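Test case, fold it:
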Amino acid sequence: MDLKQDLQVRIDEAFSAIRFPDKPADLYDPITYTLGLGGKRLRPLLVLASCQMFGGETADAINPAIGIELFHNFTLLHDDIMDAAPLRRGKETVYKKWNSNVAILAGDTMFALANKYMLRTRPQAISRVVELFNQTAIEVCEGQQYDMDYEKRDDVTIPDYIEMIRLKTAVLLAASLKTGAIIAGAGTTDCDFIYRFGINIGLAFQLKDDLLDVYGIQEKFGKVSGGDIIAGKKTYLYLKALESSGLQAEAFRKLYSSHDIDSPVKVSRVKGIFNELNIELHTRKLIDNYYQKALQELSGISLPVEAMELLREYTAVLMEREN
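Residues are numbered from 1 along each chain as shown. From the prediction side, this is the model:
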């Protein structure tokens with residue numbers, strides 16, 4: 001078993017050992033259902049990998065790792081309601097399987113549970129870990145608000161979008177890495193390097209998700225193909241196409257924002273425009289730009305190169321995924 005598999009097994013075992021109360025069933029069953037959907041469990045793995053990389057004990061980091069994953073899944077429950085998303089990881093979303101009220105309350109409970117798990121670590125690390133967690137939670141909510149605000153605005157720029165996904169996605173990946181570093185007792189400078197590494201990986205990760213929403217395979221990606229186009233979400237792909245479409249910008253804007261066109265037709269037409277403007281290539285170049293920035297931050301950490309190999313290999317796999 002390699003190091004990554006070992007960490008993944010520890011995470012899976014930790015989640016399998018969690019037991020929620022039987023009652024009220026409509027509160028805890030959706031939580032069990034959500035965690036049972038699996039997913040990459042990227043964030044807890046980053047917590048453990050970072051802790052181990054800096055010489056810490058993963059036993060000290062496993063509960064905060066669970067806490068961060070609980071928080072992440074809480075945000076997904078609420079996001080799915082706001083986005084009216086029918087699928088998550090190829091299965092019905094909680095609000096579709098139950099209802100919105102159940103999903104809201106289950107999410108609130110997951111947030112409270114996440115805070116409890118964040119406290120279960122080395123006493124010397126608790127205050128910094130909890131402070132980082134709560135600041136990150138605020139920033140994720142800010143990012144979600146920007147995301148909703150942008151639905152009503154026609155003047156959203158690419159820098160606006162990058163800042164939104166920094167808050168909504170990247171800060172939690174960065175906080176996962178920094179949490180592991182703090183628990184391991186890493187110095188302030190190294191904690192800052194690993195955090196900035198996480199920010200850049202997070203930006204690349206979200207841009208890859210945006211790309212796969214259009215160019216990924218629905219059965220593998222676990223979401224409706226072209227869901228962002230159908231919803232009219234102002235992703236980087238849309239904003240870059242709008243910027244590149246010249247005199248046809250207004251016509252493209254109307255097409256993209258329309259909800260009167262049959263969904264498959266709309267997706268096909270928008271994707272055709274993306275293809276004409278080489279938007280896939282532009283997006284892949286930007287993804288690689290952030291990935292290279294991330295590697296530059298990683299190289300600044302005061303550890304031997306071999307100590308960082310697991311993290312380097314794992315993030316490379318994330319960037320290469322096509323589903």
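
For my notes, confirm His259 occurs in a helix.
No - per DSSP: H, G, I helix; E, B strand; the rest coil, His259 lies outside any helix segment and is coil.

quick one, what contacts the nearest residue to it once chain neighbours are set aside?
Counting by Cβ to Cβ, 6 or more residues apart in numbering, the nearest residue to His259 once its immediate chain neighbours are dropped is Gly232, at 7.1 Å. From N, CA and C alone the C-beta is placed, and that goes for glycine too. Listed by Cβ atoms under 8 Å, 6 or more residues apart in numbering, the contact set of Gly232 reads Glu151, Tyr256, Ser257, Ser258, His259.

okay, the residues you listed in JSON lines with neighbour count and pLDDT next?
Formatted as JSON lines, those follow (neighbours: other Cβ atoms under 10 Å; pLDDT from 0 to 100):
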{"residue": "Glu151", "neighbour count": "14", "pLDDT": "87"}
{"residue": "Tyr256", "neighbour count": "19", "pLDDT": "95"}
{"residue": "Ser257", "neighbour count": "12", "pLDDT": "92"}
{"residue": "Ser258", "neighbour count": "12", "pLDDT": "93"}
{"residue": "His259", "neighbour count": "9", "pLDDT": "89"}
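
Quick check: the farthest pair among these?
Across these, the longest distance by Cβ to Cβ is 13.9 Å; it joins Glu151 and Ser258.

next one: phi and psi at the residue nearest to His259?
phi 70, psi 30 (degrees, to the nearest 10).

Show the pLDDT at it.
Note on Gly232: pLDDT of 90.

ok, and what's touching stretch 274-287?
204, 207-208, 210-211, 214-215, 236-237, 240-241, 244-245, 319.

residues of that stretch that come out buried?
By 16 or more other Cβ atoms under 10 Å, the buried positions in stretch 274-287 come out as Phe274, Leu277, Ile279, His282, Thr283, Arg284, Leu286, Ile287.

By mean pLDDT, flag the weakest helix or strand of this protein.
Scoring the helices and strands of the chain by mean pLDDT, DSSP states H and E places helix 218-221 at the bottom, with a mean of 47.

Can you name the element that comes right after it?
The first helix or strand that comes after helix 218-221 along the chain, using DSSP states H and E, is helix 227-231.

Following the chain onward from that next one, which element is next?
Trace forward from helix 227-231 with DSSP H and E and the next one is helix 236-244.

Only the buried residues of that next one, if you could.
Tyr236, Leu237, Tyr238, Leu239, Lys240, Ala241, Leu242, Ser244.

How far off centre is that helix?
Centroid separation between helix 236-244 and its chain, computed with Cα atoms, centre = their mean, to the nearest Å, is 22 Å.

Using CSV, write out the CA atom coordinates for that helix.
Extracted in CSV, the C-alpha atoms of helix 236-244 (Å, rounded to 0.1, in the frame of the first residue of the first chain):
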residue,chain,number,x,y,z
TYR,A,236,-14.5,31.7,-16.8
LEU,A,237,-15.4,29.9,-20.0
TYR,A,238,-18.4,32.2,-20.6
LEU,A,239,-16.5,35.4,-19.6
LYS,A,240,-13.5,34.5,-21.9
ALA,A,241,-15.9,33.8,-24.7
LEU,A,242,-17.7,37.1,-24.1
GLU,A,243,-14.4,39.0,-24.1
SER,A,244,-13.4,37.2,-27.3
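
Any regions of the stretch 101-250 of the chain where pLDDT drops low?
The stretch 101-250 of the chain contains residues with pLDDT under 70 at 217-224.

All the helices of it, residue numbers only.
For the stretch 101-250 of the chain, applying DSSP state H, counting those that start in this stretch gives helices covering 123-150, 158-165, 171-184, 188-215, 218-221, 227-231, 236-244, 249-257.

Hmm, Ile194 and Gly187 touching each other?
No - using Cβ atoms under 8 Å, Gly187 is not in contact with Ile194; the gap is 10.7 Å.
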